[in-house]
Structure formats: C-alpha cells, structure tokens
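>>> 3D, please:
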Amino acid sequence: ASSCSLSTYILDKRYILHIPEDYPTIQSSIDVARENSTIYVSFGTYNEAITINKAISLIGENATITASGLENGVTFEGSNTNKATITGFTIIGAYNYGISCTNGSPTIVNNRISDMDYCGKGAWGKTRMKVRSQESGVRSQK
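Presented below is the predicted three-dimensional model:
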C-alpha cells in the first residue's frame, strides 16, 4: 500500500498546498506551486511581499500580508496570471501599492488593502483586473 501527503495529492490536476503547514512563507509555496494549484493561507500575519507569475488560486483564511518598507504587497506578473485568483487577505504597509498587476488579468476578490506607507494606493494595473468586493481604491490603466 502506498501513502501520500494531503499537500501533494492531485485533485482534478490541481495541487493543494497549505501555509504555514507545508511551507513557511506564502512566496515559498508560490515558487514551488504548479499551474492551477490552490494555496490555502491560514489565519496569521505574513511579513513579506509576494509575486505571482502563474495561474494559481491564493486563498487567505483571514490572513494578513504585511509588506512594510517593500514596494508592493502583491505583484501579478505576466500573462500567465490571467487565471490567477487572490481572495481573503488583508494587505498592509507596502510603500507603493497593495496589489500591482503588469501584463495579466487576475481575479481579485474580497481583499482589504490599507495603511500603505507612502503612496496610499490600493491596486494598480496596466491591464484589466477582475476586481470584486475590495475595501480600497482600484485603478486600472490600459
């Protein structure tokens, strides 16, 4: 009989990861995640900025990303993020934007962006972002 860990069990060709149980940081889980993975982030404060460059679902369970002194809290980079999703986070303390998007169209749902250090911006994108139920200003530029 073989055994497998829940964190690497394949379900509908998606991988499921849990933070901090499987990886200590959100970014370390993103780095190893395959396309179409789902990453669950447990309640807590995560002192980091993250960059998403692939189609993943990042689901916060009332998790907080504190990016104090860092440029952006969350950055979506590239067209691979067209199918990426982020939901359930509070993002605070970034120098520039809570969420920044370059060349992609991620879905951003039910997040709270506040207390940016300098510019005080919520989210910004060079391309269309699919945004729903945010607690912050969002600006999209084509």
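
>>> for the rest of this, base every contact and every neighbour count on C-alpha atoms.
Fine.

>>> ok, Ile30 - contacts?
Ile30 is in contact with 39, 52, counting by Cα atoms under 8 Å, 6 or more residues apart in numbering.

>>> am I right that Arg34 is in contact with Tyr15?
Yes: shown here, Arg34 and Tyr15 form a contact pair, counting by Cα atoms under 8 Å, at 7.0 Å.

>>> of the two, which one has the most company?
Tyr15 (19 against 16; other Cα atoms under 10 Å).

>>> mind pulling up the pLDDT for that one?
As predicted, Tyr15 sits at a pLDDT of 87.

>>> that one contacts Val32, doesn't it?
No: if you go by Cα under 8 Å, Tyr15 and Val32 don't touch, sitting 10.4 Å apart.

>>> secondary structure class for Tyr23?
coil (DSSP: H, G, I helix; E, B strand; the rest coil).
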